[in-house]
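Trainee: No sequence on hand, only this structure:
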């Protein structure tokens, strides 16, 4: 299996621009998670989906962030408009039923100038 | 809410030696899962080991083993025969129920030296 695939790997954008991060989970996994990693806040969950349905979006910072999972093999995280404080590494992870191990993608390093 | 604490920001160990990384957590749940993840400089998050709270037996994966003390809410990771490739950040993580979010500690940076 190819593992969790994320694109792009690096993104540099200017403040105010829209940013879209993409994730393809491992085939057969039914849960998908978006995490953000920063020096200040560490690793924190933004949102997760079970069977394409959002279950917990309490970690989404504000209305500028939105996430979708239109089908079992694709998810997007969108930031509009982006701000410098959104600069971070964004990870996507997926898991199947038992043994509930989450496998992470390589991450997207986002820099907003 | 669950919290995970890693009290050792940095540690160093010589190659071939053994090192133990500490992790404590706070929860009112009785059934949960604990994990250790490794993040090398490539920033890839790699699952190292998993422990189910209902199991008394400590998990082992090759050179990696855990000491799980449920009553003390402690979950330490022992790395035996340390190798240069073990140099990384190590994160302890808690999951309170099946297929739910991971709550991470702040990490321990491990340096393996010659």
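Mentor: Cool, the structure landed. These figures come from a predicted structure and were not determined experimentally.
Trainee: Going by C-alpha atoms from here, please, whenever you check contacts or count neighbours.
Mentor: OK.
Trainee: which stretch of helix or strand covers residue A:49?
Mentor: strand A:42-50 (DSSP states H and E).
Trainee: Can you identify the element that follows that strand toward the C-terminus?
Mentor: Following strand A:42-50 in sequence, per DSSP H and E, is strand A:53-56.
Trainee: Now residue 30: closest residue in space, sequence neighbours ignored.
Mentor: Picking chain A for this. residue A:51 (5.1 Å; CA to CA, 6 or more residues apart in numbering or on different chains).
Trainee: if you could check chain B rather than the one you did, that'd help
Mentor: In space, residue B:30 is closest to residue B:53, 7.6 Å off (CA to CA, 6+ apart).
Trainee: Surely that neighbour touches residue B:67?
Mentor: No: Residue B:53 lies out of contact with residue B:67 (CA atoms under 8 Å); the separation is 11.8 Å.
Trainee: How about the contacts made by the residue of chain A found nearest chain B?
Mentor: At 5.1 Å from chain B, residue A:106 is the closest residue in chain A, using CA to the nearest CA. Residue A:106 is in contact with A:4, A:5, A:6, A:9, A:91, B:43, B:44, B:45, counting by CA atoms under 8 Å, 6 or more residues apart in numbering or on different chains.
Trainee: Phi and psi next, for it.
Mentor: Dihedral pair for residue A:106: phi -70, psi -10, per degrees, to the nearest 10.
Trainee: again with residue B:84
Mentor: Dihedral angles (degrees, to the nearest 10) for residue B:84: phi -60, psi -30.
Trainee: bridging residues for the residue most central in space within chain B?
Mentor: Centroid-nearest residue in chain B, with CA atoms, centre = their mean: residue B:36, separated by 3.3 Å. Residue B:36 has these beta-bridge partners by DSSP bridges: residue B:49, residue B:92.
Trainee: where does chain B dip in pLDDT?
Mentor: B:99 (pLDDT under 70).
Trainee: cool, chain A as well?
Mentor: A:1.
Trainee: Residue numbers of it in contact with chain B?
Mentor: A:31, A:33, A:42-45, A:48, A:95-98, A:100-107 (CA under 8 Å from any CA of the partner chain).
Trainee: Mark which of these are buried, thanks.
Mentor: A:31, A:33, A:43-45, A:48, A:95-96, A:100-107 (16 or more other CA atoms under 10 Å in any protein chain shown).
Trainee: Torsion angles phi and psi at the nearest residue to residue A:72 once chain neighbours are set aside?
Mentor: Spatial nearest neighbour of residue A:72, excluding adjacent residues (CA to CA, 6+ apart): residue A:52 at 6.0 Å. Note on residue A:52: its backbone torsions stand at phi 70, psi 0 [degrees, to the nearest 10].
Trainee: show me where the chain has helices.
Mentor: All of this refers to chain A. Ranges of helices in chain A, per DSSP state H: none exist.
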